[in-house]
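Asks: My questions are about this predicted structure, shown below with the sequence.
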Amino acid sequence: MVRLKDIAERAHVSIMTVSKVLRDAPDISAATKAKVRALASEMGYVPHAMAAGLRTRATRLLGLIIPGVVNPVYARLIMALEDRAYELGFDLFLAHTLEKPEREEFVIRRLLARRVEGLFVIPIPRLGDQPAIYSELSRLKLPLVVLGPAPEFCAGFPRVAADEISASREITQHLLDLGHRRIAFLSGRSVCPSALARLEGYRRALRDAGMEVDDRLILQAGSGIEDGFQSGLEIIRESLGVTAIQAVNDLVAIGAMNALLSQHIRVPEDVSVAGFGNILTAEHGRVPLTTAREPKFRLGVAAMEVMQNLLRGKPPENRTLRAELVIRASTAPAAVNAAI
């Protein structure tokens, strides 16, 4: 590994001079700076980030905490954050909670030990008072940006999210415009802010249309393909007279669609299906899925902008971005005699 001493010997200057050049100190001549920098580049010198951080108290490290990278909905969000971090000279540490509160606290503390300058977090939703780790983060005043709708215990932190209520309402309105009146909603966990927001959008669209919300058509379906598959089978078994299914996310929608197709129920000729999120599989599945396109890349860019402002000492701010309805082949006008 190339040391400052090695560069100093080649440049015939002191180690202190090399250090000042690499820190762009103002009391070194332009000629000396050019000479030392050229030699540092030629010799393959790589700055020691930890040592630099100890001197400047700036580590240029940020942490990103998500439930799990296997969920495709996070791919473009991670890409945007990493891309912007690279452009701004930050390194981004990625950690997974796997939806386990004890693991969430562990990875937060691990990132704090690495002296990150800020955190991006998708918190694990739960009921009750603010978890101790978030109370501690509030006291530390560490810049923290919540990604997505914030749980109550994170209300004091800035958040960057899509307008999920409006997007879900738009999906339901699309189904109503196609003549569907018996629309099942496959919901997520009742403590999950995103699931609650999407369910609220569904309810608002029905109420705006002058329709009663039939709670029998709202099924708890989890968040994955298998959850959706089992919920789809349940709708078929219960014979609820459904002509359309709206799911809390694309994975659940794809699972429900697979259940319908496995029972020789056509999509969309017999039953329309819509999701939320616009993951890659939504467009390229057996039947391309109508969904809401969450602006994940733009959310990542906006989150980094909010983080930059926090690091500069500016007041925290929330950002809300619009999600766009994408109509594909999985939804069609309600068939007169087709219902399950």
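Replies: Happy to help now that I have it. Given the structure is predicted, the values throughout are model-derived calculations rather than measurements. Numbering: from 1, shown residues only.
Asks: just checking, residue 101 touches residue 128?
Replies: No. Assessed by Cβ atoms under 8 Å, residue 101 is found out of contact with residue 128, at 10.6 Å. The way it works is simple: take the backbone N, C-alpha and C, and place the C-beta from them, glycine included.
Asks: higher neighbour count, these two?
Replies: Using other Cβ atoms under 10 Å as the criterion, residue 101 and residue 128 rank with residue 101 on top: 14 against 8.
Asks: And for the more buried one, nearest residue in space, chain neighbours not counted?
Replies: Nearest residue to residue 101, sequence neighbours excluded (Cβ to Cβ, 6 or more residues apart in numbering): residue 124, at 5.5 Å.
Asks: Ramachandran angles for residue 153?
Replies: As for residue 153, its main-chain torsions (degrees, to the nearest 10) stand at phi -70, psi -10.
Asks: ok, and the closest non-adjacent residue to it?
Replies: In space, residue 153 is closest to residue 130, 3.8 Å off (Cβ to Cβ, 6+ apart).
Asks: tell me which element the one you found falls in.
Replies: Following DSSP states H and E, there is no helix or strand that holds residue 130.
Asks: Which residue is the nearest non-sequential neighbour of residue 164?
Replies: Using Cβ to Cβ, 6+ apart, the closest residue to residue 164 is residue 197 (4.0 Å).
Asks: Check the offset of stretch 262-276 from the chain's centre.
Replies: Relative to the mean C-alpha coordinate of its chain, stretch 262-276 is positioned 28 Å out (Cα atoms, centre = their mean, to the nearest Å).
Asks: start to end distance for it?
Replies: Using Cα to Cα, to the nearest Å, the end-to-end distance of stretch 262-276 comes to 22 Å.
Asks: rewinding a little: report how many residues lie close to the residue nearest to residue 164.
Replies: Residue 197 has 20 neighbours, counted by other Cβ under 10 Å.
Asks: shift numbering so it begins at 26
Replies: In the new numbering, first residue 26, that becomes residue 222.
Asks: Going by neighbour count, which residues in the helix or strand containing it are buried?
Replies: Residue 222 is part of helix 218-233, with elements assigned from DSSP H and E. Under the neighbour-count criterion of 16 or more other Cβ atoms under 10 Å, helix 218-233 has 218-224, 226-231 buried.
Asks: tell me what it is packed against?
Replies: Contacts defined by 3 or more Cβ pairs under 8 Å, 6 or more residues apart in numbering; DSSP states H and E place helix 218-233 against helix 189-202, strand 208-212.
Asks: Partner strands of the last one, with direction?
Replies: In the sheet containing strand 208-212, the strands it pairs with under DSSP bridges are strand 243-245 (parallel), strand 269-272 (parallel).
Asks: Any chance of those in TSV with mean pLDDT, mean neighbour count and distance to residue 91 as columns?
Replies: Formatted as TSV, the strands paired with strand 208-212 follow (pLDDT from 0 to 100; neighbours: other Cβ atoms under 10 Å; distance: least, Cβ to Cβ, whole Å):
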stretch	mean pLDDT	mean neighbour count	distance to residue 91
strand 243-245	96	17	23
strand 269-272	98	32	21
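Asks: quick one: which of those is nearest residue 94?
Replies: Among the strands paired with strand 208-212, the nearest to residue 94 by Cβ to Cβ is strand 269-272 (22.0 Å).
Asks: Mind listing residues that contact that closest one?
Replies: By Cβ atoms under 8 Å, 6 or more residues apart in numbering, the residues outside strand 269-272 that reach it are 193, 196-197, 200, 203, 205, 207-211, 227, 246, 253, 257, 260, 278, 281, 285, 296-301, 356, 359.
Asks: Any idea how far that strand is from the middle of the chain?
Replies: Taking Cα atoms, centre = their mean, one finds strand 269-272 lying 23 Å from the centre of the chain it belongs to.
Asks: Next, the buried residues of whichever helix or strand comes after it.
Replies: Following the chain from strand 269-272 toward its C-terminal end, the next helix or strand by DSSP H and E is helix 275-287. By 16+ other Cβ under 10 Å, the buried positions in helix 275-287 come out as 275, 276, 277, 278, 279, 280, 281, 282, 283, 284, 285.
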